[in-house]
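Engineer: Starting from these lines, generate the structure:
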Amino acid sequence: MNKSLFLFALLILLASNGICQNITADTTQATIFYKKAFILSNNLKRDSSVLVFQKTSKIYLNLSKKYKAIEKYCIGNYLDCQNQLAYDISTFGKSDTALLILENAANIAKQNFGESSIYLADNYLSTGDIWKDKRNINKSLENYLKAEEFYNKLNKGKILKTANLLYNIGMDYYYIADFKKSLKYFFKSLEIRKELLGEKNIDVAA
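Structural biologist: Numbers count the residues shown, from 1 in each chain. This is a model prediction of the structure:
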């Protein structure tokens with residue numbers, strides 16, 4: 001069940017028990033900021049996205065404390081914001097700050113969702129991206145391989161995010177001249193893309 005459906009079902013349950021109160025209004029406002037932040041980031045308007053991610057993170061953290069019934073939902077969205085916030089901040093040359101944000105987010109993910117969650121997997125992926133930008137391929141590869149392990153455990157092995165991850169792992173192995181493993185990961189990435197997009201898709205053909 002995706003997050004929107006989960007929240008909708010939860011709000012119906014809460015309303016039927018007479019405790020919905022202001023949750024709908026508060027979460028609607030948070031969702032608007034959440035979507036705006038990701039749109040800004042995807043459009044590379046990083047000055048603005050950083051500010052909105054910071055604001056949205058604070059909103060979700062406050063909501064997680066205010067409404068126990070949706071605590072985990074809010075913390076999950078908080079972690080999503082922190083992951084992207086860290087990457088956006090790193091594009092301004094503040095990679096050390098970004099890594100601290102991700103370290104804190106990883107601890108919160110472990111405390112709330114255990115040692116094997118999608119939030120921790122995404123955290124390792126974001127951490128790998130930042131280490132790659134810092135040209136530390138060993139650290140990048142270490143985090144990418146952890147992300148791959150977690151995605152496989154969570155049965156997220158065949159999504160485009162995983163295909164991109166496998167390609168990045170292949171590039172890291174290429175950079176350290178382990179060409180056999182590099183080819184292995186390139187082919188794994190390609191097979192997922194073929195399955196999801198079809199062989200005639202421009203990304204697959206390329």
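Engineer: Buried ones in stretch 124-135, by neighbour count?
Structural biologist: Neighbour-count burial for stretch 124-135 flags Tyr124, Leu125, Ser126, Thr127, Gly128, Asp129, Ile130, Trp131, Lys132 (criterion: 16 or more other C-beta atoms under 10 Å). Where you see a C-beta, it was placed from the backbone N, CA and C, and this is true even at glycine.
Engineer: Equivalent analysis for stretch 173-192, please.
Structural biologist: By neighbour count on 16+ other C-beta under 10 Å, the buried set for stretch 173-192 is Tyr173, Tyr174, Ser182, Tyr185, Phe186, Lys188, Ser189, Leu190, Ile192.
Engineer: got it, and stretch 93-104?
Structural biologist: Those buried within stretch 93-104 under the rule 16+ other C-beta under 10 Å are Lys94, Ser95, Ala98, Leu99, Ile101, Leu102.
Engineer: And the helices in the protein, which stretches?
Structural biologist: 3-16, 23-42, 46-66, 71-90, 95-113, 118-133, 137-153, 160-175, 179-197, 202-205 (DSSP state H).
Engineer: Which strands or helices does the fourth one pack on?
Structural biologist: In terms of contacts (3 or more C-beta pairs under 8 Å, 6 or more residues apart in numbering; DSSP states H and E), helix 71-90 is packed against helix 3-16, helix 23-42, helix 46-66, helix 95-113, helix 118-133.
Engineer: Could you export the ones you listed to a markdown table, including columns for mean pLDDT and distance to Ala163?
Structural biologist: Formatted as a markdown table, the helices and strands packed on helix 71-90 follow (pLDDT from 0 to 100; distance: least, C-beta to C-beta, whole Å):
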| stretch | mean pLDDT | distance to Ala163 |
| --- | --- | --- |
| helix 3-16 | 52 | 22 |
| helix 23-42 | 88 | 18 |
| helix 46-66 | 93 | 24 |
| helix 95-113 | 96 | 22 |
| helix 118-133 | 94 | 12 |
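Engineer: for those helices, which one ends up most surrounded?
Structural biologist: With neighbours defined as mean count of other C-beta atoms under 10 Å, the helices and strands packed on helix 71-90 peak in mean count at helix 118-133, which reaches a mean of 22.
Engineer: got a list of contacts for that helix?
Structural biologist: 76, 79-80, 83-84, 86-87, 90, 95, 98-99, 102, 105-106, 109-110, 113, 137, 139-144, 146-147, 150-151, 154, 156, 161, 165, 168, 172 (C-beta atoms under 8 Å, 6 or more residues apart in numbering).
Engineer: so how far is Phe187 from the residue most central in space within the chain?
Structural biologist: Residue closest to the mean C-alpha point of the chain, counted by C-alpha atoms, centre = their mean, is Asp122 at 4.1 Å. To Phe187, Asp122 is 24 Å away according to C-beta to C-beta, to the nearest Å.
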